[in-house]
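Undergrad: dropping the sequence and predicted coords here.
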Amino acid sequence: MAAPVKSPGHVVAPGIGGIGDSPLRPDGTLKVAGEFAYASDLWMDGMLWGATLRSPHPRARIRSIDIGPALATPGVHAVLTHEDVPGKKVYGEDHTEDQPVLAIGEVRHQGEPIAVVAADHPEIARRAMERIAVDYEVLEPITDPRAVIADPERLKVQPLGGITRHQPVRVGDVEAARALAEVVVTEEFEVGIQDQAFLGPEAGLAIPAEDGGVDLYVSTQWMHNDLSQIAPCLGLDESQVHMTLAGVGGAFGGREDLSVQIHAAMLALHTGKPVKMSYNRYESFFGHVHRHPASMRYEYGATADGKLVYADVEIILDGGAYTSSTRNVTGNAASLGVGPYEIPNIKIDAYGVYTNNPPCGAMRGFGAVQACFAYESMMDKLGTACGLSPVEIRRRNAVSQGSKLATGQVIESPAPLAEMLTRLEAMPMPPACDASDIRNLPGGASQTTHGEGVVRGVGYGVGIKNICFSEGFDDLSTARVRLEVIGGEPTALVHTAAAEVGQGLVTVQAQVARTELGVQKVTIAPADNRVGDAGSSSASRQSYMSGGAVKTACEAVRAELLARAARRYGHDDLSAIGGKIVSRAAGVLGSIEDVLGDDAIEETREFHHRPTTGMDPVTGQGVTHTQLALCVHRAVVDVDVDLGLVKVVELAAVQDVGKILNRLSLEGQIHGGSAQGLGLAVMEEIVVSGGLVRNPSFTDYLIPTVLDMPPMRLDILENPDPDAPYGLRGAGEPPTLSSTPAIVAAVRDATGRALTRVPVRPEHIVTEATSG
């Protein structure tokens, strides 16, 4: 049987790039040239094509399923329902097995999988899928999260109940503090459903294995988490599920949950043939989770000079029909619900709720994005009420080293928020709009204006994001490093299960190996489950965790190398530099090739971050986060106040990253995170009505293009975290938080509108009402 197409090991070019350098990404040219092998490019001779029948209803009982007409279709090899699941019929994230592999008697959201088909051709599979007859009893969907909180037993979407998690946070005495507040501001906010909008749809190839198991090539963010859910549903031991990462076309949290994995494997095991599944864009909108929509109520009290006295907050997150990551997202929203500000009295109630709306789970920012939009909008409103500028109101309340978060966790490492705000404010402003070129105006070449009705606005935003996993999770990553001589040159092979999802991890792993081993030639092996768990490519954690694992394994290899060199040369106090074995006392003694000869050194190590605790279920107190990272944004916009069109003219950002590992990749992360924040601010939303998605396409779901993304000014600070490898701070998520409120604040500044909902739409700007 021919081997499947898959992306090869990423061989990083020799002679360039340790920690602090900016070597080019080895996969970059392939991707730009259209030559990179993504999961949707997987191919094997004789493979079948899989397709999924999904529910058109957000809530319904299934009276019967007739697969006969589909099975009778020429070229169809299998049609499977929940009755054909060989093992457990349910799976789920966060140790909550509440999601059926295929619907069992009831569907709880539009797009829920009901049956899967395998056929000789994708079009045959699609036609057979349409011939499956399902008799539904359509039920009224439960779609109002606030109503669920009011009556969770009656409005129960699934057996687990109506509320996924209620996490309170209590600090001080809010009721008593109300009497001390000289200024009180209140507001309600909404955040719509944002999609990860990764360009590579879900895809995978499952191949029956000789040991009775399955070889699975799939685009995912966390292989070992997938494995723990896949194997029980297939009735297999985990050792019989052989996973290899296929080329991933973006993720942003949307690949943490399973998509094609179990379905393709079931079909492959049932038919005895390789089966490929690949979603189109329409199906992708139903095949993965999205960012939780939020409804939030905030009340802040302060002294007349702008010092916060209390915060009273309610955050409601709609998780849809199944648990996914909602519990952890709710915990994040609660713990970071008032941002990086010193507030002596706090009351927060954060809820994650089950509904029949689209399932929601992990997305870049993970609960902190929704809260950030609200608390930053409140800081602007409070500043206006106190007669203070947006920067000054934030400076007066900013946390610093030694401050406590809402959870009581002390900020132990430097947190120079006030300095970051001052540096941001001092950045040069962009020039005034040149209306002689219509491309500079809102609406651009559509010629909606020639400058009339265009008003400029400036806004600021601050965000704080936890890095790595939180709330007592024993987060780890595993790395195996092998050092040997190949072609007369010392070469390091780095093997982890960490998913390269476009963030540049393969480059960073090679930089770590070069730095620690003193060699130039480094190869990154394809990620698979033949090595231990590397955790998820999420939570801005892989440079910290897998970088830490590679560093630790390299240190073990280096120690053995130098021990051998000490025995060979009779010297201690040795180091490996540029491929040479060097003694401080005797200088260059020889080469790594001399020490290794035909032998190799291989070491496998786990890396764990410092322990955290859960949140107290009553007070929310606890040392819940591993690391915290700050980013601040200034946005400059031009708004056509007559038509409600917005052009973001410039974004400026100051971010503390601890240590710059690769400036080029880092700047790309800040730009990318800011672009997703821009999308949420002014264009991106999955529109849902009655539980039904109204815009499942990139025609109607709008994402920023090169024409929408403005130039950026960056000021990157390096205040090392002593507990992190090289002192780094995760950098991918913080800019996603602060960019959204900064842009909306700038639009408020230009229009005078309250704008309490994102994304901001033209009608929010041009309406005569004063509320958003």
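TA: It's in. Please read all numbers here as calculations on a predicted model, not as lab measurements.

Undergrad: can you count the residues close to V458?
TA: Counted with other Cβ atoms under 10 Å, residues neighbouring V458 total 18. In this view, the C-beta of every residue, glycine as well, is placed from N, C-alpha and C.

Undergrad: again with G20
TA: Applying other Cβ under 10 Å, we find 13 residues neighbouring G20.

Undergrad: residues in contact with it?
TA: Taking Cβ atoms under 8 Å, 6 or more residues apart in numbering, we find G20 in contact with K659, I660, L661, N662.

Undergrad: any chance of these in JSON lines, with secondary structure and neighbour count too?
TA: Listed next are those as JSON lines, based on DSSP: H, G, I helix; E, B strand; the rest coil; neighbours: other Cβ atoms under 10 Å:
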{"residue": "K659", "secondary structure": "coil", "neighbour count": "17"}
{"residue": "I660", "secondary structure": "coil", "neighbour count": "20"}
{"residue": "L661", "secondary structure": "coil", "neighbour count": "25"}
{"residue": "N662", "secondary structure": "coil", "neighbour count": "23"}
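
Undergrad: want to throw these into a markdown table with distance to A435 and pLDDT?
TA: As requested, these are exported to a markdown table (distance: Cβ to Cβ, whole Å; pLDDT from 0 to 100):
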| residue | distance to A435 | pLDDT |
| --- | --- | --- |
| K659 | 44 | 97 |
| I660 | 39 | 98 |
| L661 | 42 | 97 |
| N662 | 40 | 97 |
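
Undergrad: return the member of these nearest to V455.
TA: Proximity to V455 was ranked across the contacts of G20 by Cβ to Cβ; first place goes to I660, at 37.5 Å.

Undergrad: show me the contacts for the closest one.
TA: Residues near I660 by Cβ under 8 Å, 6+ apart: G20, L666, I716, E718.

Undergrad: cool, and G644?
TA: When contacts are counted by Cβ under 8 Å, 6+ apart, G644 is found next to R761, P762, E763, H764, I765, V766.

Undergrad: at 10 Å what do you get?
TA: Applying Cβ atoms under 10 Å, 6 or more residues apart in numbering, one finds that G644 lies in contact with P442, V747, T751, R753, V760, R761, P762, E763, H764, I765, V766, T767.

Undergrad: could you do L80 as well?
TA: Each residue near L80 by Cβ under 10 Å, 6+ apart is listed here: 50, 67, 86, 101-102, 115-118, 263, 266-267, 270-271.

Undergrad: which of those residues are buried? Put it as a PyMOL command.
TA: The command below creates a PyMOL selection of those among these that count as buried (16 or more other Cβ atoms under 10 Å):
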select buried, resi 50+67+101+102+115+116+117+118+263+266+267+270+271
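
Undergrad: of the contacts of L80, closest to G472?
TA: Taking Cβ to Cβ as the measure, G472 lies nearest V101 of these, at 29.2 Å.

Undergrad: quick revisit: how about the contacts of L80 in a markdown table, adding secondary structure?
TA: What follows is these, written out as a markdown table (DSSP: H, G, I helix; E, B strand; the rest coil):
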| residue | secondary structure |
| --- | --- |
| G50 | strand |
| I67 | coil |
| P86 | coil |
| V101 | coil |
| L102 | coil |
| A115 | strand |
| V116 | strand |
| V117 | strand |
| A118 | strand |
| H263 | helix |
| M266 | helix |
| L267 | helix |
| H270 | helix |
| T271 | helix |
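
Undergrad: let's have the contacts of L80 in a markdown table, adding distance to T736 and pLDDT.
TA: A markdown table is the format used below for the contacts of L80 (distance: Cβ to Cβ, whole Å; pLDDT from 0 to 100):
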| residue | distance to T736 | pLDDT |
| --- | --- | --- |
| G50 | 33 | 98 |
| I67 | 43 | 98 |
| P86 | 40 | 98 |
| V101 | 32 | 98 |
| L102 | 34 | 98 |
| A115 | 37 | 98 |
| V116 | 34 | 98 |
| V117 | 38 | 98 |
| A118 | 39 | 98 |
| H263 | 31 | 98 |
| M266 | 36 | 98 |
| L267 | 37 | 98 |
| H270 | 41 | 98 |
| T271 | 42 | 98 |
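
Undergrad: and which of the contacts of L80 is nearest P58?
TA: Proximity of the contacts of L80 to P58 was ranked by Cβ to Cβ; the top entry is L102 with 17.3 Å.

Undergrad: hmm, the closest one is touching M266, no?
TA: Yes: with contact taken as Cβ atoms under 10 Å, L102 and M266 are classed as touching, separated by 8.8 Å.

Undergrad: which neighbours do these two have in common?
TA: Taking Cβ under 10 Å, 6+ apart as the criterion, L102 and M266 both touch L80, D84, V85, V116.
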